[in-house]
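> make a model of this:
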Amino acid sequence: MKYKSVYEYLDEVFSEKKNPSNEEIVKAKKAYWKLYFRHYHKQRRKTRKEFTLGFEPEMLSKIKNKKGSLSTSKFLYQAVCTAIDNNSLNFIQRDLLAEIQQQLMLIISYIEENLLDDKNELAYETIAKIEELELKIHNIQNYDNKEQSN
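Reported below is the predicted structural model:
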């Protein structure tokens, strides 16, 4: 911003006018603060990214119950920071694992429908390996669920 204070702005605006009226001074001050806040918010947006969140009524009631005396914004900010600091972002991996497990089940059913009719030994070995992988994913999910409930 070009001006360091409201007075510097007023000096420049009224440099040619010796005795501005009170109305003119008030208008000039409003114009200065409008410029100031526009500049302030522009600079803040450059350094601090903001997000808008939407919640279903059930989640809103959970947030309301847990936030205590904090404002909703402060509570959500602290909750996100705590989750990131504690590396408790396992929900991302759980969703991905569930999707992988579903894809594996589809592959198994496809192989069973199309390849097992031929008594193909490779198909049996492939199904065994995929089922083994599916079991490992299932065990990881169960372990994560136990960890989360503790």
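> just give me the residue closest to the centre of this protein.
In the chain, the centroid-proximal residue (CA atoms, centre = their mean) is residue 51; its distance is 7.3 Å.
> how is this structure divided into domains?
The chain breaks down by automatic domain parsing into domains covering 6-47, 53-88, 90-149.
> before we move on, back to that, the residue nearest to the centre of the chain: what secondary structure?
Here residue 51 is recorded as coil under DSSP: H, G, I helix; E, B strand; the rest coil.
> relative to residue 136, how far out is it?
36 Å (CB to CB, to the nearest Å). (Each C-beta comes from the backbone N, C-alpha and C, glycine too.)
> give the rounded mean pLDDT of the host helix or strand of residue 76.
Secondary structure assignment for residue 76, by DSSP states H and E: helix 72-85. For helix 72-85, the mean pLDDT works out to 86.
> who does the helix or strand just after that helix touch, helix- and strand-wise?
Next helix or strand after helix 72-85 toward the C-terminus (DSSP H and E): helix 90-114. Counting contacts by 3 or more CB pairs under 8 Å, 6 or more residues apart in numbering; DSSP states H and E, helix 90-114 is packed against helix 121-149.
> next, the angle helix 90-114 makes with the helix it packs on.
Between the axes of helix 121-149 and helix 90-114, defined by axes from the mean of the first three to the mean of the last three CA atoms, to 10 degrees, the angle is 160 degrees.
> circling back to that earlier point, quick one, grab the pLDDT at the residue nearest to the centre of the chain.
Listed pLDDT for residue 51 reads 85.
> got the phi and psi for it?
Dihedral pair for residue 51: phi -130, psi 150, per degrees, to the nearest 10.
> same check, this time on residue 17
According to degrees, to the nearest 10, residue 17 has phi -110, psi 120.
> OK, contacts around it?
Listed by CB atoms under 8 Å, 6 or more residues apart in numbering, the contact set of residue 17 reads residue 24.
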